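Student: Here's my sequence, what's the structure:
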Amino acid sequence: MIAVLIADDHKVVRQGLRFLLSSEPGIEVAGEAADGVAALDAIRALRPDVVLLDLLMPRLDGLGVLAAMQEEGLTAVVLVLTSSPDDQHLIRALKAGALSYLPKTAGVDQVIDAVRAAARGESVLQPGATARMLRELRQAAADPLAQLTPRETDVLKGLAQGRSNREIAKALSVSEETVKSHVSSILGKLGLADRTQAAIFALQRHLVPLDQALGQ
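Tutor: The predicted structure follows:
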């Protein structure tokens, strides 16, 4: 059974999606949320398999929800379903961890297929999104730092300053486990072997002044 959380500030949309998904075999609606803060609380409490996430919500938008999920290591798969036509929203959402992205104009079958695909770990993108992502990937290849999230960049700066995971966690007000996860992600994205290589990379990119480097 695929447990789905619906996060959207429009009640009619939530009701429509609940009716649509609840009638499908193998899918259950675990809960609903009308804003980003409530969505995070529901993700923590319900541990759904798939989150249908709107980007434009009060209190905390969808990008904020995605960032918090990464921070906390919440593993639900996110399918962004939004009315926002902005390419940058798409790119930022996918970079922040969303697996799939569909417009709210998508057909019923598209949404159901996307939910099932998301549960299998397969990505579904709206038409044209793949080409835009390829352009982003080419830009990232030219500038490896572009692959990192803002928080990963902060962690990388901490590594360059010779800080331990505990020290970085305290400075960023996150857990040591979160920092450890970010370090692993940084090494993977940049193709580096260890923390020392990451620190050297950061210094070469002038992310921190030399007088702050490696605890000097």
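Student: in stretch 114-129, what counts as buried?
Tutor: Judged by neighbour count using 16 or more other CB atoms under 10 Å, the buried positions of stretch 114-129 are 114-119, 123-126, 129. In short, each C-beta sits where N, CA and C put it, glycine included.
Student: Do me a favour and average the pLDDT over that stretch.
Tutor: Confidence over stretch 114-129 (mean pLDDT, whole number) is 83.
Student: same thing with stretch 59-78?
Tutor: If you average the pLDDT over stretch 59-78, you get 90.
Student: Could you work out the end-to-end span of it for me?
Tutor: 19 Å (CA to CA, to the nearest Å).
Student: And stretch 190-198, by the same measure?
Tutor: 8 Å.
Student: And the helices in this structure?
Tutor: Counting by DSSP state H, the chain has these helices, from start to end: 11-22, 36-46, 62-72, 87-95, 108-119, 129-142, 150-160, 165-172, 176-190, 195-204.
Student: For L53, find the nearest of those helices.
Tutor: Nearest to L53 among the helices of the chain is helix 62-72; the distance by CB to CB comes to 4.9 Å.
Student: Just list what the closest one packs against, helices and strands only.
Tutor: helix 36-46, strand 50-53, strand 77-82, helix 87-95, helix 150-160 (3 or more CB pairs under 8 Å, 6 or more residues apart in numbering; DSSP states H and E).
Student: now do 6 Å
Tutor: helix 36-46 (3 or more CB pairs under 6 Å, 6 or more residues apart in numbering; DSSP states H and E).
Student: Nearest approach to V29 belongs to which of the helices of the chain?
Tutor: Between V29 and the helices of the chain, the tightest spacing by CB to CB is seen for helix 11-22, at 4.9 Å.
Student: Could you list the buried residues of that closest one?
Tutor: 13-14, 16-17, 20-21.
Student: Off-centre distance for that helix?
Tutor: Remark: helix 11-22 is offset 24 Å from the chain centroid, using CA atoms, centre = their mean, to the nearest Å.
Student: Tally up the residues packed near the nearest residue to A67 once chain neighbours are set aside, please.
Tutor: In this structure, A67 finds its nearest non-sequential neighbour in A96, 5.8 Å apart by CB to CB, 6 or more residues apart in numbering. A96 has 20 neighbouring residues, counting by other CB atoms under 10 Å.
Student: pLDDT wise, what is A96 at?
Tutor: Here the pLDDT value assigned to A96 is 80.
Student: ok, now Q212?
Tutor: In this model, Q212 is scored at 60, pLDDT.
Student: before we move on, what about V183?
Tutor: Listed pLDDT for V183 reads 91.
Student: What about it, how many residues nearby?
Tutor: Neighbours of V183 under the rule other CB under 10 Å: 20.
Student: do the same with the one 5 residues further on
Tutor: Here the neighbour count serves as a burial measure; for G188 (other CB under 10 Å) it reads 10.
Student: do the same with R151
Tutor: Residues contacting R151 under the criterion other CB under 10 Å number 17.
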